[in-house]
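Engineer: build me a model from this:
(one chain, ligands or ions: 1)
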Amino acid sequence: MQQTPGDHDDLVQQQYQPRAQAYASSAVHAAGPDLACASALVAALAPADAGWRALDAGCGGGHLGFALAALPQVAQLCALDPTPAMLEVVQQGALDRGLAARLHTVQGQAGSLPFADASFDLVASRYSAHHWRHLEAGLADLVRVLRPGGYLLLIDTLGHDDVLCQTHMQTVELLPDASHVCNRPVPEWRALLQATGVDILHEQAWPLRLEFASWIARMQTPPHRAQAVRAVLQQAPAEVHEALQTEADGSFTLQTGLWLARKPV
Ligand SMILES: C[S@@+](CC[C@H](N)C(=O)[O-])C[C@H]1O[C@@H](n2cnc3c(N)ncnc32)[C@H](O)[C@@H]1O
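Structural biologist: Residues are numbered from 1 along each chain as shown. Down below sits the predicted model:
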């Protein structure tokens, strides 16, 4: 019998609710040069006693939130996610790391954040925005809850400028994860951020290798969908193999981008 499809928000819940533990322990998410860079950038923005209120929007397993909450500049970090199971693993992770007194969780989503204007000194988000149904509205909402002069730190997987490569990449991302929306290319990211009125201070990119077996296992991809990913990659033209640095076992490499921006005073 055919299932009646829910809306995109339902798909996000279906995708992430059963996989929270897998994201909490995912090596790809728990480490990475972007986390160290984010911590160093934020530490350089304010004195240690700044007492900042920070938000991690789309916290998932909490890896960016944990890194920021450990900084002396951050007095309180709010880890927000629409998926209840993610908030549970973040609460446990905060306890395990001795961060429970300075980290709390809130259920919600970018686009309808349950906070007043100018509530935060720092608003951050990592590897979440490519799931947002309305990215422009989501980013505008992040900037709304920032105080004037506050900082926005955004990290996400990047799309390709080349449309052929972009189409293949989005297909490979969507097949194991129906809540995927789009990895945006760098020029689109710049335009999206500038449209919110922030000033971009820093941008940086890194490769992110996705090892096929652990990637498919983390997302609990059914065999027929994993097979479809392999089929798409096997049939892909040389330009796509070069762009995605595909490997014989189906592993491939994406690019990730980081932006630090400031809301004008
Ligand atoms: C890959 S996980 C995030 C990883 C995490 N930030 C980290 O650093 O490891 C993506 C998360 O985005 C959340 N999400 C999806 N749509 C969202 C939205 N509109 N606003 C905020 N979070 C959203 C999902 O529930 C999921 O937990």
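
Engineer: what is whatever helix or strand residue 34 lives in packed up against?
Structural biologist: Assigned by DSSP states H and E, residue 34 belongs to helix 33-43. Identification of packing neighbours for helix 33-43 by 3 or more C-beta pairs under 8 Å, 6 or more residues apart in numbering; DSSP states H and E yields helix 63-69, strand 120-126, strand 146-157, strand 199-210, strand 252-262. For every residue, glycine as well, the C-beta is placed using N, CA and C.

Engineer: the first one: how far from the chain's middle?
Structural biologist: What it means is helix 63-69. Distance of helix 63-69 from its chain centroid, counting by C-alpha atoms, centre = their mean, to the nearest Å, is 13 Å.

Engineer: one step back: format the helices and strands packed on helix 33-43 as CSV; extra columns: distance to the ligand.
Structural biologist: Formatted as CSV, the helices and strands packed on helix 33-43 follow (distance: least, C-beta to the nearest ligand atom, whole Å):
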stretch, distance to the ligand
helix 63-69, 4
strand 120-126, 4
strand 146-157, 8
strand 199-210, 12
strand 252-262, 11
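
Engineer: of all the ones you listed, which one is nearest residue 223?
Structural biologist: If you check each of the helices and strands packed on helix 33-43 against residue 223 by C-beta to C-beta, strand 199-210 wins as the nearest, at 18.1 Å.

Engineer: any stretches of the stretch 1-150 of the chain with poor pLDDT?
Structural biologist: Along the stretch 1-150 of the chain, the model assigns pLDDT under 70 to residues 1-4.

Engineer: hang on, the earlier thing: now render the helices and strands packed on helix 33-43 as JSON lines, adding mean neighbour count.
Structural biologist: Putting the helices and strands packed on helix 33-43 into JSON lines (neighbours: other C-beta atoms under 10 Å) gives the following:
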{"stretch": "helix 63-69", "mean neighbour count": "25"}
{"stretch": "strand 120-126", "mean neighbour count": "25"}
{"stretch": "strand 146-157", "mean neighbour count": "21"}
{"stretch": "strand 199-210", "mean neighbour count": "14"}
{"stretch": "strand 252-262", "mean neighbour count": "20"}
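
Engineer: on contacts alone, who are the packing partners of the one helix or strand residue 171 maps to?
Structural biologist: In this structure, residue 171 sits in helix 163-174 according to DSSP H and E. If you count contacts as 3+ C-beta pairs under 8 Å, 6+ apart, helix 163-174 packs onto helix 223-235, helix 238-244.

Engineer: next, format the ones you listed as TSV and append mean pLDDT, mean neighbour count and distance to residue 203.
Structural biologist: Shown next, in TSV, are the helices and strands packed on helix 163-174 (pLDDT from 0 to 100; neighbours: other C-beta atoms under 10 Å; distance: least, C-beta to C-beta, whole Å):
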stretch	mean pLDDT	mean neighbour count	distance to residue 203
helix 223-235	93	14	29
helix 238-244	96	16	20
